[in-house]
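Colleague: next comes the sequence, and after it the predicted model I'd like to discuss.
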Amino acid sequence: MIDLELQRKQAQADLLDLFTQATNLPIGLYELKNGDLDEFITDLSKERFEPFCQLIHEFGGEELCNADQCRRALSAFNETETRLMLCHAGLYNQAAPVTVRGNTRSVLVYGEMRILDDAYQAEALARLEQTVGELNLNDMQIQQVQDAFDDVKSFSLQELRKRRDMLQRIERWFYRFIDEEERLITNVDRITHEIQTRLQAVIANAENMMLEATDLPQDIRQIANDVLFSALALDTVIQNLGFYLGDYKFDLQTIAPLIYEAKRVYEAEAKRRQVDVVVKIQEIHTQKLEISKSHMQHAINNLVHNAVKYSFRGGYGRYRFVEIRAYPEQDSCRVEINNYGVGILPEEIAENKIFEDGYQGVLTEGEFRTGAGKGLSLVKQIIHEHHGMIEVESRLKSETSDPEGKPHLTKFTVTLPYRQPKEIEK
Amino acid sequence: MSKTIIWIEDDIEIIDPVVRPLERAGYQVVRLNTVKEVLDAIEKIRAADLVLLDMILRPGMEEHTFGRYPGLDILELLREKYAIEVPVVVLTVVDRPEVRQRLNELGTAEIVRKPVRPSVLKEVVDGVLGGE
């Protein structure tokens, strides 16, 4: 699953860094978590801390600075307007609450600056003098502090207002997007639960009917069979959306039953496309692999389904088939899924794009394309969990065009080691 | 004597056919639909041979302290408060690593993803109960 929390942190860090790059001002973001203040300052902001502040830290003022910063952030949670605050050492910071639909989501504190206004300058110098006194600095240290203070960036009040407005607008949008994302996830969770519950009923009823109603005519039982396998195919589509695949649970078993199950699941669809699904299995009926059954079934289902849906139709004088081969190869078992139809471009294979999450093949554009481009990325992940490998070849069969497009022979090869994953790790 | 399975599930009216092969094989399936029904049947659960447990359940009562996954809270109660060690097979659509981790800590015989074919569920139950 996608780590949303990490993605949000990265997006937030990017926004804060952009602000610092554009304004040259360091910035910190504060959120309240269970009543405690949570501080977030990016590396770029840390790099831009004023040398003046570093000097004050060096001369014993670090604790005062930290307490001051937290005080500024906390007080701003109760404010509605941005406030200009004078720090204990005589620099100004702005503390800007970010309020979305009446709720203060965070406070941004940025600055370490001087203000180009006589009244502000006088106030700042008085505060600096007080701090220098409290820190008991010697004459040389006082001179160093004074020089560093003179070098601090200065801004007019008008410039500050512009920066504040820009920043608050960006942050408000950021939180709106987060809210929208959360709402979407909650809705998808609910809908998925509803779909899977209904699907459970269909699968249970169809299988019960198939297994129990042995006295019904064959064509009626075939309908139950089609309903069951269509529902299982739909379940594969739902799983591709990134929902629960369950924990990996490895057991020793042969792969042949999983191949036959995938054939059964997509046979009706293949039949409608006038494509035969041919299974050729050599010597692997008895050789066992360490497999997490539900995951491997999901991977094989995806590969077989792709082969079926991207096959050109058969029909009179045009025999078409999807061929699934499985055979031993040294210490491994190989499963090949071959088809004739819509292919994959060489660059999509060379750059591994075809296994990227959300990627959809260029040649599948049009009537062939279904799904959200998530299946193959999940297949690759599952094969890797089994310490296996997946490769793909796709070549144009000839320059001639089929009525359905340029025909490619495409082959996915899955190689799975006979040795147990745990042994390999050792 | 037939073995008893307690099935804790809030969508029983929709997915009841999933336990049909279990009943046809001779298991007695007792259905509990809400958290309240579970709490009222603690001693029945203690005496059962297996619990089939969903994670999402309606409370069935006004006052309750159950969280987002009441099934998890129920398993905690069974194991920690009532010291009930009946094997539990979790049947769920919930995809939360922290939930799965907690389920494993509390001791579950199997976690089965919904939707499941009834014949597969029966295999799992048979396996846990020692091959009926």
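Modeller: Arrived safely. Just so it is clear, the model here is predicted, and its values are computed rather than measured.

Colleague: host element of A:Cys31?
Modeller: Rather than Cys, residue A:31 is Glu. Using DSSP states H and E, A:Glu31 maps to strand A:27-33.

Colleague: what packs against that strand?
Modeller: helix A:4-23, strand A:36-40, helix A:62-76, strand A:103-115 (3 or more CB pairs under 8 Å, 6 or more residues apart in numbering or on different chains; DSSP states H and E). All C-beta atoms are positioned from the backbone trio N, CA, C, and that covers glycine.

Colleague: can you pull the buried residues of the longest one?
Modeller: Same thing as helix A:4-23. For helix A:4-23, burial by neighbour count (16 or more other CB atoms under 10 Å in any protein chain shown) applies to A:Gln12, A:Ala13, A:Leu15, A:Leu16, A:Phe19, A:Thr20, A:Thr23.

Colleague: could you find the closest non-adjacent residue to the second one?
Modeller: It stands for A:Ala13. A:Thr42 (4.8 Å; CB to CB, 6 or more residues apart in numbering or on different chains).

Colleague: what residues go with each domain of chain A?
Modeller: Structural domains assigned to chain A are A:4-184, A:246-425, following automatic domain parsing.

Colleague: spell out which parts of chain B neighbour chain A.
Modeller: Contact residues (CB under 8 Å from any CB of the partner chain) of chain B with chain A: B:11, B:14-15, B:17-18, B:20-21, B:24, B:56, B:92-95, B:100, B:111-119.

Colleague: other residues contacting the helix or strand of chain B with the lowest mean pLDDT?
Modeller: Lowest on mean pLDDT, DSSP states H and E among the helices and strands of chain B sits helix B:97-106, with a mean of 82. With CB atoms under 8 Å, 6 or more residues apart in numbering or on different chains as the contact definition, helix B:97-106 has outside contacts at A:Asp247, B:Met55, B:Tyr69, B:Leu72, B:Leu75, B:Glu76, B:Arg79, B:Glu80, B:Val90, B:Ile111.

Colleague: how close does the third one get to B:Val86?
Modeller: Taking CB to CB, to the nearest Å as the measure, B:Tyr69 and B:Val86 are separated by 19 Å.

Colleague: more neighbours, those two?
Modeller: More crowded of B:Tyr69 and B:Val86, by other CB atoms under 10 Å in any protein chain shown: B:Tyr69, with 20 against 17.

Colleague: excluding chain neighbours, what is closest to that one?
Modeller: Per CB to CB, 6+ apart, closest to B:Tyr69 is B:Met55, 4.6 Å.

Colleague: returning to what we had before: can you list the buried residues in the least confident helix or strand of chain B?
Modeller: Neighbour-count burial for helix B:97-106 [16+ other CB under 10 Å]: B:Val99, B:Arg100, B:Leu103.

Colleague: quick check, distance from that helix to the centre of its chain.
Modeller: Distance of helix B:97-106 from the chain centroid (CA atoms, centre = their mean, to the nearest Å) equals 15 Å.

Colleague: where does chain A have low pLDDT?
Modeller: Applying pLDDT under 70 to chain A flags the ranges A:1-5, A:101, A:185, A:189, A:241-247, A:284-286, A:366-372, A:399-400, A:419-426.

Colleague: could I get the full set of helices for it?
Modeller: For chain A, the helices defined by DSSP state H occupy A:4-23, A:43-47, A:51-56, A:62-76, A:118-134, A:139-150, A:157-212, A:218-240, A:256-272, A:293-309, A:346-350, A:375-385, A:421-425.

Colleague: coming back round to it: among the contacts of helix B:97-106, which pair sits farthest apart?
Modeller: Distance extremes for these: the farthest pair is A:Asp247 and B:Glu80 at 22.4 Å, using CB to CB.

Colleague: these two: which is more packed in?
Modeller: Neighbour count, other CB under 10 Å: between A:Asp247 and B:Glu80, A:Asp247 has more, with 16 against 10.

Colleague: okay, now B:Glu123: neighbour count?
Modeller: Other residues near B:Glu123 come to 14 when the count uses other CB under 10 Å.

Colleague: make sure it is indeed in a strand.
Modeller: No: assignment of B:Glu123 by DSSP: H, G, I helix; E, B strand; the rest coil gives helix, placing it outside any strand.

Colleague: would you mind measuring from A:His384 to chain B?
Modeller: Using CB to the nearest CB, to the nearest Å, A:His384 is found at 18 Å from chain B.

Colleague: residues touching that residue, list them.
Modeller: Contacts of A:His384 (CB under 8 Å, 6+ apart): none.

Colleague: for the residue nearest to the spatial centre of chain B, give its distance to chain A.
Modeller: Centroid check for chain B by CA atoms, centre = their mean gives B:Leu53 as the closest residue, at 1.9 Å. Noted for B:Leu53: a distance of 15 Å to chain A, by CB to the nearest CB.

Colleague: ok, that residue - contacts?
Modeller: Counted by CB under 8 Å, 6+ apart, B:Leu53 has contacts B:Ile8, B:Gly71, B:Ile74, B:Leu75, B:Val88, B:Val89, B:Val90, B:Leu91.

Colleague: that one bridge partners, please.
Modeller: B:Ile8, B:Val90 (DSSP bridges).

Colleague: how close does the residue found closest to A:Asn306 once you drop the neighbours it is linked to in the chain sit to chain B?
Modeller: Leaving out its chain neighbours, the residue that sits closest to A:Asn306 by CB to CB, 6+ apart is A:Gly375, at 6.8 Å. Distance, A:Gly375 to chain B, using CB to the nearest CB: 17 Å.

Colleague: contact partners for A:Gly375?
Modeller: Contacts of A:Gly375 by CB under 8 Å, 6+ apart are A:Asn240, A:Asn302, A:His305, A:Asn306.

Colleague: in stretch B:86-97, which residues are buried?
Modeller: So, applying 16+ other CB under 10 Å, buried residues of stretch B:86-97: B:Val86, B:Val88, B:Val89, B:Val90, B:Leu91, B:Thr92, B:Val93, B:Val94, B:Asp95, B:Arg96.

Colleague: okay, who's weakest in those by pLDDT?
Modeller: Looking at these by pLDDT, the weakest one is B:Asp95, with 63.

Colleague: before we move on, the earlier item: in TSV, list the contacts of A:Gly375 along with neighbour count.
Modeller: Formatted as TSV, the contacts of A:Gly375 follow (neighbours: other CB atoms under 10 Å in any protein chain shown):
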residue	neighbour count
A:Asn240	22
A:Asn302	25
A:His305	24
A:Asn306	24
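
Colleague: and which of those residues is nearest to chain B?
Modeller: Set against chain B, the nearest of the contacts of A:Gly375 by CB to the nearest CB is A:Asn240 (13.5 Å).

Colleague: A:Asn302 is in contact with that closest one, correct?
Modeller: Yes: look at A:Asn240 against A:Asn302 with CB atoms under 8 Å: they come within range, at 7.1 Å.

Colleague: are there residues contacting both of those two? Which ones?
Modeller: Counting by CB under 8 Å, 6+ apart, the shared contacts of A:Asn240 and A:Asn302 are A:Gly375, A:Leu378.

Colleague: across the sheet, point out what pairs with B:Arg31.
Modeller: Applying DSSP bridges, one finds that B:Arg31 bridges with B:Trp7.

Colleague: still on that earlier bit, which of the helices and strands packed on strand A:27-33 sits closest to A:Thr214?
Modeller: Between A:Thr214 and those, the tightest spacing by CB to CB is seen for helix A:4-23, at 49.5 Å.
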